[in-house]
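Q: fold the stuff below for me.
(one chain, ligands or ions: 3)
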Amino acid sequence: MGILEKISEIEKEIARTQKNKATEYHLGLLKAKLAKYRAQLLEPSKSASSKGEGFDVMKSGDARVALIGFPSVGKSTFLSLMTSTASEAASYEFTTLTCIPGVIEYKGANIQLLDLPGIIEGAAQGKGRGRQVIAVARTADVVIMMLDATKGEVQRSLLEKELESVGIRLNKHKPNIYFKPKKGGGISFNSTVTLTQCSEKLVQLILHEYKIFNAEVLFREDCSPDEFIDVIVGNRVYMPCLYVYNKIDQISMEEVDRLARKPNSVVISCGMKLNLDYLLEMLWEYLALTCIYTKKRGQRPDFTDAIILRKGASVEHVCHRIHRSLASQFKYALVWVSLWAGDG
Ligand SMILES: Nc1nc2c(ncn2[C@@H]2O[C@H](COP(=O)(O)OP(=O)(O)OP(=O)(O)O)[C@@H](O)[C@H]2O)c(=O)[nH]1
Ligand SMILES: [K+]
Ligand SMILES: [Mg+2]
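A: Ligands and ions are numbered 1, 2, ... in the order given. Below you'll find the predicted structure:
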């Protein structure tokens, strides 16, 4: 049996197993197995065509945003609208066959926007250019999942499943579990909170499935077995995702209103240039960048020339951005924080 069949067998078994106290361990084990096979699937294969590598596009600017979506949802139209790069758009599917980078200039930052080929169900297993597209998505700071507002919810859940299956976690934070494999001493298990989804026994079973017999585990959060498996497997990426419903010119006001209220969602029309400013504002928020302005003593800062860094950046980061040798000779800094909304 190939890996794909094994995966589908396990998925079926999980689907038909009722979720209750008695099946808890069985389900936990199945999930651990599933994660293991998926990891194997992701290992780069020998043949060149199905390499898990992305398209060869250099990272540039202050942040990277990847456009992910089904064919013909309007990704290229969007890139051409928001950047000075033109990407061919047409009414037939798979118009775009490679990765096309553009730059959005916003609040003094250069945001690299990547137009990508459309992906379909089965992308993670190599359908179309799925693997390459997903490999690029992993390198982004934010994913824009572009959806066709006329197509309902199907596209969204299918793509979520594809990304989920290759270890991309959308709008989730890293589970707060301390996990450290050891050389000996068995498994020491502790938790600082009451656990409702995992138990010591289940954790042990899952670890054994991964042939881990010595480790320190500390749950600091009421995590699920899946989240625990994510921690053991590692290499997960936790990424903010904006769901962008395009083509709202084609649906009723009621439907627009319903989609707009969904979490992490923005409704737009590239065709009629509707709501694009709001999308940029949201994107900026999701990128969580900080603008830092330097100033000379006794002078006002130059608000046209920002140093753009990630949220949480330190003064040392700022020094490095100015000059490599600055941090080592550095004595002190005076820092003002602007409390204007959105300026971080
Ligand atoms: N009605 C309407 N049509 C749109 C809108 N945005 C894009 N389109 C049309 O949708 C079709 C597909 O647009 P593309 O930009 O090529 O879509 P894509 O997602 O890049 O497609 P692939 O590259 O094939 O994956 C084109 O005919 C566009 O003119 C919109 O807001 N409203
Ligand atoms: K198209
Ligand atoms: Mg395109």
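
Q: just give me the neighbour total for the closest residue to ligand 1 within the stretch 51-200 of the chain.
A: Relative to ligand 1, the nearest point of the stretch 51-200 of the chain is Gly118 (2.8 Å; Cβ to the nearest ligand atom). Just so you know, the C-beta spots here come from the backbone N, C-alpha and C atoms, and that holds for glycine as well. For Gly118, the count of nearby residues is 24 (other Cβ atoms under 10 Å).

Q: ok, it - contacts?
A: Taking Cβ atoms under 8 Å, 6 or more residues apart in numbering, we find Gly118 in contact with 69-73, 75, 93-94, 96, 128.

Q: let's see the pLDDT reported for it.
A: Looking at Gly118, its pLDDT is 91.

Q: next one: Arg156
A: 94.

Q: where does this structure dip in pLDDT?
A: 41-54, 339-344 (pLDDT under 70).

Q: which one of the residues in the stretch 151-300 of the chain is closest to ligand 1?
A: Gly271 (3.1 Å).

Q: now list the buried members of the contacts of Gly118.
A: 69-73, 75, 96, 128 (16 or more other Cβ atoms under 10 Å).

Q: the nearest residue to the residue of the stretch 51-200 of the chain closest to ligand 1 once chain neighbours are set aside in helix, strand or coil?
A: In space, and not counting its chain neighbours, Gly118 is closest to Pro71: 3.1 Å by Cβ to Cβ, 6 or more residues apart in numbering. Secondary structure assignment for Pro71 (DSSP: H, G, I helix; E, B strand; the rest coil): coil.

Q: who touches Pro71 in this structure?
A: 93-95, 117-118, 120.

Q: repeat that for Asp277.
A: Applying Cβ under 8 Å, 6+ apart, no residues contact Asp277.

Q: which element is it on?
A: helix 276-287 (DSSP states H and E).

Q: return the set of buried residues in stretch 87-95.
A: Neighbour-count burial for stretch 87-95 flags 87, 89, 95 (criterion: 16+ other Cβ under 10 Å).

Q: how far away is the residue nearest to Gly118 from Gln132?
A: Pro71 is 15 Å from Gln132, where distance means Cβ to Cβ, to the nearest Å.

Q: just checking, Phe94 touches Leu116?
A: No - under the criterion of Cβ atoms under 8 Å, Phe94 makes no contact with Leu116, lying 11.3 Å away.

Q: roughly how far does Val256 sit from ligand 3?
A: 23 Å (Cβ to the ion, to the nearest Å).

Q: nearest spatial neighbour of that residue, chain-adjacent residues omitted?
A: Distance criterion Cβ to Cβ, 6+ apart; nearest residue to Val256, sequence neighbours excluded, is Ile248 at 4.9 Å.

Q: Gly167 now?
A: Using Cβ to Cβ, 6+ apart, the nearest residue to Gly167 is Arg236, at 4.7 Å.

Q: count of neighbours near the one you found?
A: Per other Cβ under 10 Å, the neighbour tally for Arg236 reads 17.

Q: pop out the phi and psi values for the residue nearest the centre of the chain.
A: The residue lying closest to the centre of the chain (Cα atoms, centre = their mean) is Met239, at 2.8 Å. Backbone torsions for Met239, taken as degrees, to the nearest 10, come to phi -130, psi 140.
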